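> Build me a model:
(one chain, ligands or ions: 3)
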Amino acid sequence: MRQVAVCTGCAMKLRRGIFLAAIAPLILVFVGIGAVLFLLQGGFAPMQIPRAAAAPISATVDVVEHGKYLSRIGNCGICHTTRGGAEFAGGRAFDTPYGTVYSTNLTPDQRTGLGDWSLEEFRHVLRNGVSRHGFLYPVFPYENFSKLVDADIDALFAYLRSVPSMHAPAQANALEFPESRRGAILLWRMFNYRPQNFVANPAQSAVWNRGRYLVDALGHCAFCHSTRGALASLPASGYLAGGVIPVQGWYAPALDDTSLTRFSIDELAEFLRAGTSTHGAAYGPMAEVVLNGLQYLTAEDAVATATYLKLIRVAKNPPAEIHKIEHDLGASAGDGLALYEKHCADCHGKDGRGKENIYPPLRDAVSVLASDPMNAVRLVLYGGVVPTTALNPRPYSMPPFAQQLSSTEVVAILNYIRQQWGKQAATLTPADIVRMQGIVLD
Ligand code: HEC
Ligand code: HEC
Ligand code: HEC
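Numbers count the residues shown, from 1 in each chain. Ligands and ions are numbered 1, 2, ... in the order given. Sure, this is the predicted structure:
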């Protein structure tokens with residue numbers, strides 16, 4: 001009996017030994033991969049928050065003004081202010097596929113804002129996306145802001161210190177598990193976040209490099225204009241290739257030499273500052289970005305941004321010929337043509353050329369050319385308001401048609417204009433319109 005028991009023990013030990021020997025290399029491989037991914041997201045450094053006592057900032061008026069400029073172009077105020085709320089007091093809600101994240105108070109309030117932050121801590125947070133509250137959700141575009149140069153971060157801090165202080169405690173985020181745990185962001189970072197400094201490309205001009213800095217670092221254009229990968233990541237392959245903004249239901253088109261062929265550099269620079277151009281007007285989230293940010297671009301910075309964008313080749317280019325081919329539907333246009341002439345042609349013209357600087361053309365328009373019809377549907381249902389800017393102080397707007405036209409009529413008009421001037425197949429159906437009527441309006 002005893003002998004048998006011993007032998008059973010031996011056999012079990014042996015089996016456990018073989019099992020461990022077999023899985024040990026696997027465990028080692030996983031630990032190794034984990035360690036490499038951990039290092040790639042920045043290692044331990046992002047978690048070491050400098051917590052020096054806040055020192056008074058002695059910045060010149062020029063530096064504070066520069067900080068205000070940067071803050072506008074970086075949209076800090078758009079995201080850190082609620083509609084009608086105190087500027088920079090935070091609390092704007094960001095709906096993501098995983099729940100809602102709220103922005104925080106950036107005013108100099110001691111307890112709820114940045115009042116007791118040192119400059120070192122502020123720099124650290126913009127560079128690393130980790131604050132005293134833990135890992136930050138990437139709805140804060142720190143992937144872009146980490147490329148800001150120190151002088152700009154310092155000017156931003158000096159400016160934020162100069163805005164009126166507001167007591168506004170952070171709202172609790174409403175996220176699902178595991179996204180509700182800030183620790184889960186470490187896992188996301190390990191797969192998706194690769195910190196990069198801004199390195200100028202010596203082969204390109206100073207203007208091009210300035211443009212790239214404005215687009216990639218401060219302007220975080222990729223935040224909306226890139227094709228997102230798994231878990232809302234921003235893979236290099238989708239860089240400025242166009243994409244649907246998660247949850248919001250707006251399509252931000254590709255920004256590259258093909259899509260922007262329609263614009264000369266000067267026209268594109270003007271679009272960014274004026275919010276309108278001979279090739280279309282800004283609407284939806286882009287109208288907000290122009291209204292509160294890009295209209296303040298200096299003429300040089302606008303030209304730099306346009307120069308850089310006009311030289312981008314994205315990996316996933318839409319076919320270039322869509323901009324060239326005239327497609328006359330003739331009699332096959334059906335109801336679409338008649339409805340268009342009745343409801344739309346007064347402003348956009350029978351030929352779709354619009355009225356210069358008043359009503360945008362539809363021939364050549366980004367929402368008509370885009371593979372995704374979402375923006376065109378939204379504009380026809382809910383209308384659009386062109387942003388008011390110094391260069392376009394009295395903009396015209398487009399009325400909503402949701403009450404006037406049935407889903408079938410909207411489909412007929414949009415299929416007509418997208419075939420006629422966008423060379424897109426007539427794929428929209430009334431069911432699509434009903435589905436898009438359910439999208440959240442902000
Ligand atoms: C697209 C929206 C968006 C933009 C643009 C944006 N932020 Fe934020 N920011 C957020 C959100 C949302 C949070 C909260 C993230 C979280 O709780 O994880 C945040 C967090 C922060 C924090 C961390 C605060 C804390 O207490 O942990 C700082 C600092 C900050 N932002 C500064 C800025 C500055 C400076 C700019 C402009 C250069 C800016 N943000 C632009 C959305 C934005
Ligand atoms: C908050 C999201 C968001 C951000 C940030 C954003 N855009 Fe846009 N942008 C859009 C959307 C949505 C559209 C489509 C609507 C329109 O054409 O106005 C658009 C349209 C455009 C167009 C018109 C394209 C065309 O073919 O007509 C240009 C040019 C543009 N954006 C440039 C920029 C640049 C440059 C930046 C960064 C400095 C930027 N955008 C940042 C959302 C955004
Ligand atoms: C009263 C004049 C007016 C009428 C009528 C009108 N629009 Fe517009 N439309 C505008 C203006 C102004 C804009 C720019 C809106 C913005 O930037 O927010 C616009 C923008 C658009 C766009 C976006 C173009 C782009 O740059 O991508 C589309 C698509 C569009 N209209 C389609 C239509 C259709 C279809 C109808 C008829 C059902 C129509 N519009 C009726 C004035 C009008």
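> Up against ligand 2, what does the chain have?
Residues of the chain lying near ligand 2 by C-beta under 6 Å from any ligand atom: 215, 219-221, 223-225, 245, 250, 252-253, 255, 259-260, 271-272, 280, 282-286, 289, 305, 366, 375. C-betas here are computed from N, CA, C, even on glycine.
> Among those, which lie within helices?
Restricting those to those inside helices, with DSSP state H as the criterion, leaves F223, C224, H225, F271, L272, P285, M286, V289, T305, V366, N375.
> what separates the fifth one from A287, distance-wise?
Meaning L272. Here L272 is placed at a distance of 12 Å from A287 (C-beta to C-beta, to the nearest Å).
> tell me the contacts of the residue of the stretch 51-200 of the chain found nearest ligand 3?
Using C-beta to the nearest ligand atom, the closest approach of the stretch 51-200 of the chain to ligand 3 is made by I78 at 16.9 Å. Contacts for I78 (C-beta atoms under 8 Å, 6 or more residues apart in numbering) come out as E288, V289, N292, G293.
> Kindly recompute the last result at 10 Å.
Taking C-beta atoms under 10 Å, 6 or more residues apart in numbering as the contact definition, I78 lies against S71, R72, R92, S103, P285, E288, V289, L291, N292, G293.
> so which strand or helix has the residue of the stretch 151-300 of the chain found nearest ligand 1?
When distances are taken as C-beta to the nearest ligand atom, the stretch 151-300 of the chain approaches ligand 1 most closely through L156, which lies 5.0 Å from it. Take DSSP states H and E as the rule and L156 turns out to sit in helix 150-162.
> Pull out the buried positions in that helix.
Within helix 150-162, the residues scored as buried using 16 or more other C-beta atoms under 10 Å are D152, I153, D154, A155, L156, F157, A158, Y159, L160, R161, S162.
> Let me see the domain layout of this structure.
47-192, 206-437 (automatic domain parsing).
> ok, is the last one in contact with ligand 3 or not?
Yes. Under the criterion of C-beta under 6 Å from any ligand atom, ligand 3 is reached by domain 206-437 at 280-283, 287, 343-344, 346-348, 359-360, 362, 365-368, 376, 379-380, 384-386, 396-399, 401, 413, 417.
> Mark which of those are part of helices, please.
Within the residues of domain 206-437 next to ligand 3, membership in helices is found for 287, 343, 346-348, 366-368, 376, 379-380, 413, 417, as judged by DSSP H.
> Give the PyMOL command for selecting the buried subset of the residues you listed.
Applying 16+ other C-beta under 10 Å to those leaves a buried subset, and the PyMOL line that selects it is:
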select buried, resi 287+343+348+366+367+368+376+379+380+413+417
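> nearest to ligand 1, of the ones in helices among the residues of domain 206-437 next to ligand 3?
A287 (15.5 Å).
> Can you name the residues that contact that closest one?
Applying C-beta under 10 Å, 6+ apart, the residues contacting A287 are G275, A281, G384, V385, V386, P387, T388, T389, P395.
> Next: A425.
By C-beta under 10 Å, 6+ apart, the contact set of A425 is S371, N415, R418, Q419.
> who wins for most neighbours among these?
Within the contacts of A425, most neighbours by other C-beta atoms under 10 Å means R418, with 26 neighbours.
> ok so, going back, which among the contacts of A287 end up buried?
Buried subset of the contacts of A287 (neighbour count, 16+ other C-beta under 10 Å): G275, A281, G384, V386, P387, T389, P395.
> any idea of the mean pLDDT for the helix holding L156?
Taken as a whole, helix 150-162 has an average pLDDT of 97.
> what's the offset of it from the middle of its chain?
Here the centre of helix 150-162 is set off from its chain's centre by 23 Å, with C-alpha atoms, centre = their mean, to the nearest Å.
> Whatever helix or strand comes next after that helix and ligand 1 in contact?
Reading on from helix 150-162 to the C-terminus, the next helix or strand found by DSSP H and E is strand 174-175. No. When contact is scored as C-beta under 6 Å from any ligand atom, no part of strand 174-175 falls within range of ligand 1; the minimum is 9.9 Å.
> low-confidence ranges in this protein?
Counting by pLDDT under 70, the ranges of the chain that qualify are 1-8, 315-333, 438-442.
> switch the cut-off to 80
Low-confidence segments of the chain, defined by pLDDT under 80, span residues 1-12, 314-334, 357, 423-426, 436-442.
> for the longest helix along it, packing partners?
Using DSSP H to assign secondary structure, the helix with the most residues in the chain is helix 2-40. Based on contacts counted as 3 or more C-beta pairs under 10 Å, 6 or more residues apart in numbering; DSSP states H and E, the elements that helix 2-40 packs against are helix 184-192.
> The helix it packs on near ligand 1 anywhere?
No. With C-beta under 6 Å from any ligand atom as the measure, helix 184-192 is seen stopping short of ligand 1, the closest distance being 7.7 Å.
> do you know how far the residue of the stretch 51-200 of the chain closest to ligand 3 is from F19?
Here the distance between I78 and F19 works out to 56 Å (C-beta to C-beta).
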